[in-house]
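>>> prediction below, plus the sequence it came from.
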Amino acid sequence: MSKKLNCDDKLYRAVESTLYNYKNVKAQIKNIELDIEEKLNSYSTLNAVQYDRDSLSKTYKFNSEVENKVIELDINDPELKNNIMMLKVKKRSKEIQIERIDNILSVLQEEEYKLIELRYFKGMQFKDIADVLLKSDLYLQQLRRKIIIEKIIPLFNN
């Protein structure tokens, strides 16, 4: 007879899945940045940065040449502009996901964070983590469960 997962088990597994995917999400963000850069570079109107007297004058206005070029794309190529904007939205969503994880993990004690880092971000087995942290693997398994249930899930669920 299979054990039916209750809501807590599903949430526990969702937290674990999120932690295991942390590095992948960071890589996805970098790939999206590369996709945006590639699209911008392939667009024929992108040319060298032009410096004139006005652009070199002292100002507090922030201007990015790439952002200005993206704005120009709205006139020249709406489809490309839309693609880039969609990539930016996707990138920001993933950045927020990473920021949430980092924020949640910031409440952990040093040993707790190290356990999560070694287990989920580096994919180490408990016996290897036990060697690094000089604790028993059984203790670390219990500590991991306690960290997730008592510290991560309450913040993860909000």
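That came through, no problem. Only a predicted model underlies this, so the values are computations on that prediction, with no experimental measurement involved.

>>> can you give the contact residues for stretch 131-140?
Applying Cβ atoms under 8 Å, 6 or more residues apart in numbering, the contact partners of stretch 131-140 are Glu111, Lys114, Leu115, Leu118, Met124, Phe126, Lys127, Ile129, Ala130, Leu143. Where you see a C-beta, it was placed from the backbone N, CA and C, and this is true even at glycine.

>>> ok, now with 7 Å
For stretch 131-140, contacts defined as Cβ atoms under 7 Å, 6 or more residues apart in numbering pick out Glu111, Lys114, Leu115, Leu118, Phe126, Lys127, Ile129, Ala130.

>>> using PDB, list the CA coordinates for stretch 137-145.
C-alpha atoms of stretch 137-145 as PDB (Å, rounded to 0.1, in the frame of the first residue of the first chain):
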ATOM      1  CA  ASP A 137      25.400  11.500   8.800                       C
ATOM      2  CA  LEU A 138      22.300  10.600  10.900                       C
ATOM      3  CA  TYR A 139      22.500  13.800  12.800                       C
ATOM      4  CA  LEU A 140      22.900  15.800   9.600                       C
ATOM      5  CA  GLN A 141      19.900  14.100   8.100                       C
ATOM      6  CA  GLN A 142      17.800  15.000  11.100                       C
ATOM      7  CA  LEU A 143      19.200  18.500  11.100                       C
ATOM      8  CA  ARG A 144      18.400  18.900   7.400                       C
ATOM      9  CA  ARG A 145      14.800  17.900   8.000                       C
END
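
>>> tell me how far it is from the chain's mean position?
26 Å (Cα atoms, centre = their mean, to the nearest Å).
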